[in-house]
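Student: no letters, just coordinates:
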DNA sequence: CTCTTTTTTTAGACAAGACTAAAAATTAAA
DNA sequence: TTTAATTTTTAGTCTTGTCTAAAAAAAGAG
């Protein structure tokens, strides 16, 4: 696996998350910041290796093997993000570029031990789930509110913090299980967000958004 | 800096440690497991970038800038080795290949924070000194006995462990400050070594060798 | 000091991964 | 359904880092 091959698999995996069926060459090119012709070349190579299913003009799809490799890279990426934030005092917006490099380090022992060292975390600092070794990703339907981007919406299905003070706060704001929620705006600086619940719009801090589980 | 460029600088730095003057193209080729012609090409490139001084047929030498880059990579390598051994339960013979990858991760913050997280270690698990950010390497003349390879020799200049039981052991074996010592053989499996002091040959364990300081 | 051996460099080629420009297939529109 | 627009692929080129084979320089031997 070259670095480039790994990045293609990861890109296809991520696009597959939001789109159904075969992934278009153009979509991959956009994600990878490259040209469609380059994508075609690489897809052919990955296809020959049995990592994607590809038919000319019909788009691409990861095979089981390709998907396993992709989730493994994502697993590594997210574990490193946890490490950077929890152990090395990175803020959650600083981690991405470094994790993007670290995710390509090849050593099974390294990642297993890192996982243990971090206490087998379930989510990365952005609230995204960390896949297990076999590529199982804990139901992606449930995510933390904090991971939603501007204009995304979902339904409140749980909270992480269940202290009474937190729950009282939710009550006061009219935040309750089963309510529909939409992100109106998101402030990149501190990840506070303006949300709407039942025509009512208000601001909440990252800390709050970090503790609310959403089904997309 | 590409990965390959970094590896060349590192190789030249390491060869310079044992040899004086300009480093021969062949020596670099051997260290890099490549051919002399490839080395010539790369050296030219590094020379144009001002990282090595190079004259046709006369060998190469790192410039101050090249040396700084090399020591920085070595700094990263050795810090990661400490991390792997101290935090992730690697044994000291397992760390090299992984550190070889990690040393190329680019992030100043990462390495600064790692250094702090590890408590600003002075040596890696093999006893080699960790360069500081400015490329200063603490006097390389003193190393741990355990770092010597087969056939290397030196003079005993200190011990790390000064418990009485350890010192008694040394006494009994005739190991004392100022004695000349030569490594006759080294067992890769457990890093135990056969050493010679004054015509007397005997075996010592890695644990012992780890606590004896040598001036080469 | 000349001839041989070794070392180093040049010249030309190749694989990976990217790009541009042009051709082919698919999709959309009239 | 026949043309127009878009998407995808092919063909050919470029760069990086490597290689082999051959030429050039330096070092060693007689």
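Tutor: Okay, I see it. This structure is a prediction, so every number in the text was calculated from the model and none was measured.
Student: so who does the most centrally placed residue in chain A touch?
Tutor: Of all residues in chain A, the one closest to the mean position by CA atoms, centre = their mean is residue A:128, 4.7 Å from it. Applying CB atoms under 8 Å, 6 or more residues apart in numbering or on different chains to residue A:128 gives the contacts A:78, A:143, A:147. For glycine as for every other residue, the C-beta is placed from the backbone atoms N, C-alpha and C.
Student: kindly recompute the last result at 7 Å.
Tutor: A:78, A:147 (CB atoms under 7 Å, 6 or more residues apart in numbering or on different chains).
Student: please enumerate the strands of chain A.
Tutor: In chain A, the strands defined using DSSP state E lie at A:52-54, A:60-62, A:142-144, A:153-159, A:180-186, A:193-197, A:200-204, A:212-215.
Student: does the second one pack against any helices or strands, and if so which?
Tutor: Looking back up the chat, that one is strand A:60-62. Counting contacts by 3 or more CB pairs under 7 Å, 6 or more residues apart in numbering or on different chains; DSSP states H and E, the secondary-structure elements packed against strand A:60-62 are helix A:3-18, strand A:52-54.
Student: how about CSV for these, with mean neighbour count and mean pLDDT added?
Tutor: Shown next, in CSV, are the helices and strands packed on strand A:60-62 (neighbours: other CB atoms under 10 Å in any protein chain shown; pLDDT from 0 to 100):
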stretch, mean neighbour count, mean pLDDT
helix A:3-18, 18, 95
strand A:52-54, 20, 97
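Student: is the helix ranked longest in chain A in proximity to DNA strand C?
Tutor: With secondary structure taken from DSSP state H, chain A has its longest helix at helix A:64-86. No: using CB under 7 Å from any atom of the strand, helix A:64-86 never reaches DNA strand C; the gap is at least 14.0 Å.
Student: now that helix: how far from the chain's centre is it?
Tutor: 10 Å (CA atoms, centre = their mean, to the nearest Å).
Student: residue A:117 contacts residue B:88, doesn't it?
Tutor: Yes: using CB atoms under 7 Å as the test, residue A:117 is close enough to residue B:88 to be in contact (5.8 Å).
Student: hang on, the earlier thing: between the helices and strands packed on strand A:60-62, which gets nearest to residue A:69?
Tutor: When these are compared by CB to CB, helix A:3-18 sits nearest residue A:69, at 5.4 Å.
Student: got the angle for the longest helix of chain A vs helix A:3-18?
Tutor: On the basis of axes from the mean of the first three to the mean of the last three CA atoms, to 10 degrees, helix A:64-86 is oriented at 90 degrees to helix A:3-18.
Student: more neighbours: which of residue A:117 and residue B:88?
Tutor: residue B:88 (20 against 17; other CB atoms under 10 Å in any protein chain shown).
Student: quick check, the more buried one in contact with residue A:115.
Tutor: No: the pair residue B:88 and residue A:115 does not pass the contact test of CB under 7 Å, sitting 10.0 Å apart.
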